[in-house]
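Asks: Sharing a model prediction with you, sequence too.
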Amino acid sequence: MAPRTRQQAACTELLDTRDDVVAFLKTFQNDWETLQPGPDAPMAAREAEEVTLERAALLRRRLEAAQLLGPARMNNAVSCLRESCQTVHDIFCSQAWRADEGQVSVDWVVWQEAMRATESARLNFHMAAMWVLRTPPAIESEGGLR
């Protein structure tokens, strides 16, 4: 597979995986009342964390693949996306554990700020990926780059 094709595939897979993880977490947020602790709760905090860790592992692999194939501009965007996704995951797990411990209040302000940050990081990554994929590769010559 050509380098440009690998870069494009890595970027697309990363965005798709990131979007799936965020949609999954948003579902939890939307159904939060049903996730409160109790005998009928569909998932305890430990189970919720395990499920999100599985998705986080796939996301981490996609982030690493995009970072390996990209120039510095891509790597910076990947780093920002990684940090924002980790923050969302950490907040989600913290909220789930707090609920399991009987603290039913959820800090939606922090959650919404983290979700906005990850949306912004996604947009920045997408813009960096477009720039990288649309910039023609440098042509090497005996005297260096032209």
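Replies: Happy to help now that I have it. Numbers count the residues shown, from 1 in each chain.
Asks: okay, CA-based contacts and neighbour counts for the rest of this
Replies: Noted.
Asks: where along the protein do the helices fall?
Replies: Using DSSP state H, the helices of the chain run over residues 3-30, 45-69, 72-100, 108-134.
Asks: Need the winner for burial among the ones you listed.
Replies: Among those, the stretch with the highest mean neighbour count (mean count of other C-alpha atoms under 10 Å) is helix 72-100, at a mean of 19.
Asks: Which neighbouring elements make contact with that one?
Replies: helix 45-69, helix 108-134 (3 or more C-alpha pairs under 8 Å, 6 or more residues apart in numbering; DSSP states H and E).
Asks: need those in TSV with distance to residue 97 and mean pLDDT, can you?
Replies: Output for the helices and strands packed on helix 72-100, formatted as TSV (distance: least, C-alpha to C-alpha, whole Å; pLDDT from 0 to 100):
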stretch	distance to residue 97	mean pLDDT
helix 45-69	5	83
helix 108-134	15	92
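Asks: Quick one: those as JSON lines, columns for distance to residue 15 too.
Replies: Converted to JSON lines, the helices and strands packed on helix 72-100 look like this (distance: least, C-alpha to C-alpha, whole Å):
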{"stretch": "helix 45-69", "distance to residue 15": "9"}
{"stretch": "helix 108-134", "distance to residue 15": "8"}
